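Asker: got a sequence here, can you build the structure:
(chains A and B)
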Amino acid sequence: MTALTSIRDLTVTYRRDGTAVAALKNIGLDVVTGERLAVIGESGSGKSTLALAIAGLLPAASRIDGRIEWPGLGRAPLGGRDIGFVFQDPSASLDPVMPIGKQIAEVARTHLGLTWPQAYAKAKNLLERVRLPDPDSALLAFPHQLSGGQKQRVAIAAAIAAGPKLLIADEATSALDTIVQAEIVALIRRLVAEDGMTLLFISHDIALAAELAERIAVFRHGQLVELGATARIVDAPAQPYTRALLDAHIGLDAEPLLNRSGLAT
Amino acid sequence: MSLLAVSNLTKRYRRGGKSIAAVDDVSFHIDPGETLALAGPSGSGKSTIARLVLRLVEPDAGRIEFEGDDFLALRAAALRARRARLQMVFQDPLAAFNPRATVARVLDDPLRIHGIASRSERPRRIAALLERVGLAAELASRAIHEISGGQRQRVAIARAVATKPTLIVLDEAVSALDVSVRGQILELLLDLQRQERIAYLFISHDLGVVRAVAHRVILLDAGQIAESGDARAVIDAPRSAIGKALVAAAPRLHGTRR
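Answerer: Residues are numbered from 1 along each chain as shown, chains lettered A, B, ... in the order given. Model prediction:
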């Protein structure tokens, strides 16, 4: 078990209205090569800041202390090539006026040194792999012609086009309805397995994280609350906050909040 | 008598030269003090039904009776007056309110517009509304953009109950909240319902939440009712294809897929 990336004493500070706000405080964790690690937390927990820090995408004005090392890579990662990033809103990450085939092919051409025809063949293959119907015409389609779930499939195809070691999905299914969310989660799981990628799955949803990840890291107020195997976190959380998150999950087997007596039905 | 009775409601949109029924011959009713949930995937018509019931859009066909009257026939002053009894809370209160308005201003508007309280009486009514939804009276002077998402949704609920409604349409009203806040807001809604016998049309994509708070549920698919009944009975043993798909897709803490 080697660490793909090793994070030590990571503190990230943003400037907001003239005052410094620490979004992450002294974080230490390893992302193990080949694992599916979920990072969960509520708003302001720092989970997205962690994803951006690992991907080297933090805004220039933010202050970064500590170290992010890449023993599993043996060198500094190249953004876009070694790390694929899928955001919550695919409309914001896709160019609205460029055919989606070209957007995917561009990634393959830039990072893999392919010719345009080779890159387009690769893009078509990727659209097949993300199960977009009719890949030949999809290559020429624009993002607005696709549904939200289809756009996220395209964003995933672009993210994995250069064959990254690490795939980061930051709330990648949060804007989708439950059925499409389950499809996209299944797709991510399959692609990660097929390509031997490491997955960093950022989510506010502990149940969704539990279905997909082998390990879960719980974040709160910029700090790592606890980290452990999914079954351990779900069945025997060590921290009260993790217990509170589990209790707050309203699943299909939850005790109804509704007191039915005295109400009209 | 039902509080709200919707019959054969239909709303069509044109898309790419084709006419698509967003809501297709939908009928349902809500009794006083009852929570009826509308659930379904994106595009199933649940939010369109919410907007039709609120008369934010007009239907192509169908009838809506609210408190015994033909709601679609109400015009101008009569409609405005009746709207006090039929309120709404949306997913994102930051989009619903002027972000720079103070909390007091947001709560003052319905009291003034519907003539519920005189100018001198309103500050006291605002303080009482804030207390009713579990917020400190000091919050009144804060701007909407300064308070947290959970506090903002409490303000939205306070504004909705300010006019003593009999029905509140809740369109994904807890979907954007952190889980720790979501439970508190649901408890607040149930508490208001118990005390004031408010009925809810509860729109959500989250079957776990629907099962926990609704009396009855309607599952929608492509603008039509796929299945309806007691919320727990339907969700525990769905019969329709969409019901089965929705239940299968709901994330589970102790999932078998792991």
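Asker: could you use CA atoms for every contact and neighbour count after this?
Answerer: Noted.
Asker: can you get me the start-to-end distance on stretch A:38-47?
Answerer: Terminal residues of stretch A:38-47 lie 10 Å apart, using CA to CA, to the nearest Å.
Asker: typo on my end, stretch B:203-219
Answerer: 10 Å.
Asker: state the distance from the residue of chain B found nearest chain A to residue B:186.
Answerer: At 3.9 Å from chain A, residue B:212 is the closest residue in chain B, using CA to the nearest CA. The gap separating residue B:212 from residue B:186 is 9 Å, by CA to CA.
Asker: residue ranges with poor pLDDT in the chain?
Answerer: The chain I'm using is chain A. Scanning chain A for pLDDT under 70 picks out A:259-265.
Asker: wrong chain, I was asking about chain B
Answerer: B:255-258.
Asker: what residues does the residue in the stretch 151-265 of chain A that chain B sits nearest to make contact with?
Answerer: Chain B sits closest to residue A:256 of the stretch 151-265 of chain A, with a gap of 3.9 Å, by CA to the nearest CA. Contact partners of residue A:256, counting by CA atoms under 8 Å, 6 or more residues apart in numbering or on different chains, are B:211-213.
Asker: close to chain B: what parts of the stretch 1-150 of chain A are there?
Answerer: Within reach of chain B by CA under 8 Å from any CA of the partner chain, the stretch 1-150 of chain A has these residues: A:42-43.
Asker: which residue does the stretch 1-150 of chain A have closest to chain B?
Answerer: residue A:42 (5.7 Å).
Asker: isn't that residue right up against residue B:179?
Answerer: Yes. Using CA atoms under 8 Å, residue A:42 is in contact with residue B:179, at 7.5 Å.
Asker: between these two, which one's more packed in?
Answerer: Set residue A:42 next to residue B:179 and count neighbours by other CA atoms under 10 Å in any protein chain shown: residue B:179 wins out with 24 against 20.
Asker: ok, for that one, nearest residue in space, not its chain neighbours?
Answerer: Among residues not flanking residue B:179 along the chain, residue A:248 sits closest, at 5.8 Å (CA to CA, 6 or more residues apart in numbering or on different chains).
Asker: look through chain B and tell me its longest helix.
Answerer: For chain B, the longest helix by residue count, based on DSSP state H, is helix B:179-196.
Asker: from the chain's centroid, how far away is it?
Answerer: 13 Å (CA atoms, centre = their mean, to the nearest Å).
Asker: which helices and strands sit right next to the very next helix or strand once past that helix?
Answerer: Using DSSP states H and E, the helix or strand that follows helix B:179-196 in sequence is strand B:199-203. Secondary-structure packing of strand B:199-203 (3 or more CA pairs under 8 Å, 6 or more residues apart in numbering or on different chains; DSSP states H and E): strand B:35-39, helix B:46-53, strand B:167-171.
Asker: closest one to residue B:222 among those?
Answerer: helix B:46-53 (9.6 Å; CA to CA).
Asker: run a quick neighbour tally on residue A:221.
Answerer: The burial count for residue A:221: 17, using other CA under 10 Å.
Asker: likewise for residue A:44?
Answerer: Residues lying near residue A:44 (other CA under 10 Å) number 14.
Asker: residue A:18 now?
Answerer: Residue A:18 has 7 neighbours, counted by other CA under 10 Å.
Asker: list the contacts of it.
Answerer: Applying CA under 8 Å, 6+ apart, no residues contact residue A:18.
Asker: quick one, phi/psi of it?
Answerer: Dihedral pair for residue A:18: phi 80, psi -10, per degrees, to the nearest 10.
Asker: what of residue B:71?
Answerer: phi -70, psi -30.
Asker: residue contacts, it?
Answerer: B:63-65, B:79.
Asker: and residue B:139, by the same measure?
Answerer: residue B:103.
Asker: where do the helices sit along the stretch 151-265 of chain A?
Answerer: Along the stretch 151-265 of chain A, counting by DSSP state H, counting those that start in this stretch, helices occupy A:178-195, A:206-212, A:230-235, A:240-248.
Asker: now mean neighbour count too, for these, in a markdown table please.
Answerer: Converted to a markdown table, the helices of the stretch 151-265 of chain A look like this (neighbours: other CA atoms under 10 Å in any protein chain shown):
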| stretch | mean neighbour count |
| --- | --- |
| helix A:178-195 | 18 |
| helix A:206-212 | 24 |
| helix A:230-235 | 18 |
| helix A:240-248 | 17 |
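Asker: for residue B:225, which of those is the nearest?
Answerer: Evaluated over the helices of the stretch 151-265 of chain A, closeness to residue B:225 peaks at helix A:178-195, with 17.5 Å, by CA to CA.
Asker: that closest one near chain B at all?
Answerer: Yes. Counting by CA under 8 Å from any CA, chain B has neighbours in helix A:178-195: A:178-179, A:181-182.
Asker: residues in contact with that helix?
Answerer: A:129-130, A:149, A:152-153, A:163, A:167, A:173-174, A:197-199, A:212, B:41, B:205-206, B:245-246, B:249-251.
Asker: got a quick ChimeraX command for the buried subset of the residues you listed?
Answerer: With 16 or more other CA atoms under 10 Å in any protein chain shown as the burial test, the buried ones among the contacts of helix A:178-195 are selected in ChimeraX as follows:
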select /A:130,149,152,153,163,167,173,174,197,198,199,212 /B:41,205,206,245,246,249,250,251
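Asker: please name the residues that touch residue A:102.
Answerer: Per CA under 8 Å, 6+ apart, neighbours of residue A:102: A:120, A:123, A:139-140.
Asker: out of the residues you listed, who's the most crowded?
Answerer: residue A:123 leads the contacts of residue A:102 on contacts (other CA under 10 Å) with 28 neighbours.
Asker: isn't it up against residue A:104?
Answerer: Yes. Look at residue A:123 against residue A:104 with CA under 8 Å: they come within range, at 5.6 Å.
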